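what's the 3D shape of this:
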Amino acid sequence: MTSRPPLDCVLALLRAIEGGGGSAEIAPFLAEDYTLSEAPHLLAPAGATRGRDEALAGADASREVVSGQRFEVQRTTCEGNRVVMEAEWSATLLMDLPHWDTGEVIRARVASVFEVRDGKVVSQDSYDCYFTPPHA
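Residues are numbered from 1 along each chain as shown. The predicted structure follows:
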């Protein structure tokens, strides 16, 4: 059996997230040794590193924070098993967060580097730049 090309794996993961996927929907796309590393950003000033279990728990928890997540992929670059993606991300807030209120659309410019092995994402390094509303 042949696995999907790395770009197809990454795009399928993004579509699962957009579909409101929680851990059950996202888990099939992540390798058992998956690691997510987030560079410091507005909502996580110290950055964060999470393993697969923490990332899946975060996917479940996100359902109480945002809805309607969308990734508008601007460009991708692939080399071997590595995929670099730039996208505009947005979601509607279900609760107040610093700089935003419930019901507002939160936006970020996202750059992520994914490593794929055997049709599953092994690692993701994300560099997110959130846009704050004018009244922030």
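
residue 39 - nearest residue in space that isn't next to it in sequence?
residue 127 (4.7 Å; C-beta to C-beta, 6 or more residues apart in numbering). The way it works is simple: take the backbone N, C-alpha and C, and place the C-beta from them, glycine included.

my guess is that neighbour contacts residue 112, does it?
Yes: counting by C-beta atoms under 8 Å, residue 112 is a contact partner of residue 127 at 7.2 Å.

okay, and the common contacts of the two?
Contact criterion C-beta atoms under 8 Å, 6 or more residues apart in numbering; residues shared by residue 127 and residue 112: none found.

of these two, who's got more company?
residue 112 (21 against 17; other C-beta atoms under 10 Å).

which residue packs closest to that one, ignoring adjacent ones?
Nearest one to residue 112, counting by C-beta to C-beta, 6+ apart, is residue 126 at 4.6 Å.

for that neighbour, phi and psi?
With angles defined as degrees, to the nearest 10, residue 126 sits at phi -110, psi 140.

quick check: it vs residue 24, distance?
22 Å (C-beta to C-beta, to the nearest Å).

alright, calling it a day.
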